[in-house]
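Give the three-dimensional model of this entry:
(one chain, ligands or ions: 1)
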Amino acid sequence: MKLIIALMLLASCGTKTTTERIVLSGSQAQEPTQPIPGDPRQAVDIDDEFSLYTDEWLLLHPEGKPVTTPMSFTDIPEEGVLGVCITWIKGDIILKEIRIDEPSYREQMDLNPIGPHTIIFHELGHCELDRPHLDLLSQLEGKIIPFSIMFPSLFPRTALYKELEAHYLDELFGGPGTIPPVSRFESITKSRTMEKNGFVGIGILN
Ligand SMILES: [Zn+2]
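Numbers count the residues shown, from 1 in each chain. Below is the predicted model of the structure:
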């Protein structure tokens, strides 16, 4: 029974769909040095509210790379979607941005002390590290938990994330992690495509 409840919690943020996975390697992404005509992004800077997490990211990144992806608040229309990493493409130009659903973010600040951190680091995993979702689960002390911060749904409210933070950060930045995966969860990855000013955007939701 415990297992079923845990899985329901993990699945509650996503609709079951299978979608094509779009992965761009880091070398393909180019940072524009001057304004791009028709830049389709909602913002070109990082909202000050995220500086706590981007500072932490810089300290933790194995090569000390700062966050360059613009990050802003928005209202994401898809129910239960907390954030999205969008890759915009037009010819040779590749632009990225992260949008965070503000109502969900505020709610997590009140409910879940690890919520904002895990949302931001998950989206940075997509946009800064080109990491796709990882649908693996682990088991610890009788509880089913995500193996990776790139699990495509919010972590259940638990102190276990804090206890295992070293594992999650190691795994996020390309290490093996310290807890083994025990099973694969049915994929709940969602994506959306959009067009603006001649750019085609592919967003990995959640
Ligand atoms: Zn995701």
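
Surely residue 69 is in contact with residue 127?
Yes: using CB atoms under 8 Å, residue 69 makes contact with residue 127 at a distance of 4.2 Å. To be clear about C-beta, it is placed using only N, CA and C from the backbone, and glycine gets the same treatment.

more crowded one of the two?
Legend: neighbour count by other CB atoms under 10 Å for residue 69 and residue 127, higher for residue 127 (24 against 21).

who touches the one helix or strand the more buried one maps to?
According to DSSP states H and E, residue 127 maps onto helix 115-129. Residues outside helix 115-129 that contact it (CB atoms under 8 Å, 6 or more residues apart in numbering) are 26, 50, 53, 56-57, 65, 67-69, 71, 82-85, 87, 96-98, 100, 104-105, 108-109, 131-132, 149-150, 154-155, 161, 172-174, 204, 206.

Now do the buried residues in that helix.
Of all the residues in helix 115-129, those buried under the rule 16 or more other CB atoms under 10 Å are 115-128.

Distance to residue 91 added to the residues you listed, as TSV?
Formatted as TSV, those follow (distance: CB to CB, whole Å):
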residue	distance to residue 91
115	38
116	36
117	36
118	35
119	32
120	30
121	31
122	29
123	25
124	26
125	27
126	22
127	20
128	23
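
Throw those residues into CSV and include distance to residue 191 and pLDDT, thanks.
Putting the buried residues of helix 115-129 into CSV (distance: CB to CB, whole Å; pLDDT from 0 to 100) gives the following:
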residue, distance to residue 191, pLDDT
115, 22, 89
116, 23, 92
117, 24, 93
118, 20, 93
119, 17, 94
120, 19, 96
121, 19, 97
122, 15, 96
123, 13, 97
124, 17, 98
125, 15, 98
126, 11, 97
127, 14, 98
128, 18, 98
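
Of those residues, just say which sits nearest to residue 196.
residue 127 (17.6 Å; CB to CB).

how much space between that closest one and residue 182?
29 Å (CB to CB, to the nearest Å).

what about the nearest residue in space to residue 133 that is not next to it in sequence, distance to residue 122?
Leaving aside its chain neighbours, residue 133 sits nearest to residue 152 (4.1 Å; criterion: CB to CB, 6 or more residues apart in numbering). Computed with CB to CB, the distance linking residue 152 and residue 122 is 9 Å.

now residue 79
Applying CB to CB, the value for residue 79 to residue 122 is 18 Å.

Near residue 105, how many other residues are there?
18.
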